[in-house]
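>>> Model the following, please.
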Amino acid sequence: MSAKKIHANSIIGQQGVNLIERVVLGMGFAWYPSGGVEAGIDGTIEIRGAVTGDATRATPTRSWSGAPSVPIRLSTSGSPFPE
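Okay, here's the model as predicted:
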């Protein structure tokens, strides 16, 4: 039986998701990752007013709850992200 492996690509992908979460939350929006390894949408940003917390209407789609949201698909690499 071989040992369990976690490949570098998995770590890099998760770091990309964490970066998106940090930036989105810093903007005052909500981030909902889709979870797990998959080839589709990696998460959704829910748009909200910074002062009121109310969801806005300026969005291309709506989430399952009816709130405005933007689907996000990430693409990561091992290259450093410019600060």
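>>> Give me the most central residue, the protein.
Computing the C-alpha centroid of the chain and ranking residues by C-alpha atoms, centre = their mean puts residue 43 first, at 4.2 Å.
>>> Skipping adjacent residues, who's closest to residue 8 in space?
Spatial nearest neighbour of residue 8, excluding adjacent residues (C-beta to C-beta, 6 or more residues apart in numbering): residue 78 at 7.3 Å. Every residue, glycine included, has its C-beta placed from N, CA and C.
>>> same thing with residue 15?
Counting by C-beta to C-beta, 6+ apart, the nearest residue to residue 15 once its immediate chain neighbours are dropped is residue 76, at 6.9 Å.
>>> Quick one: neighbours of that neighbour, just the number.
Using other C-beta atoms under 10 Å, residue 76 is surrounded by 17 other residues.
>>> what about it, distance to residue 29?
Relative to residue 29, residue 76 is positioned 20 Å away (C-beta to C-beta, to the nearest Å).
>>> can you check residue 13 too?
When C-beta to C-beta is applied, the distance between residue 13 and residue 29 equals 21 Å.
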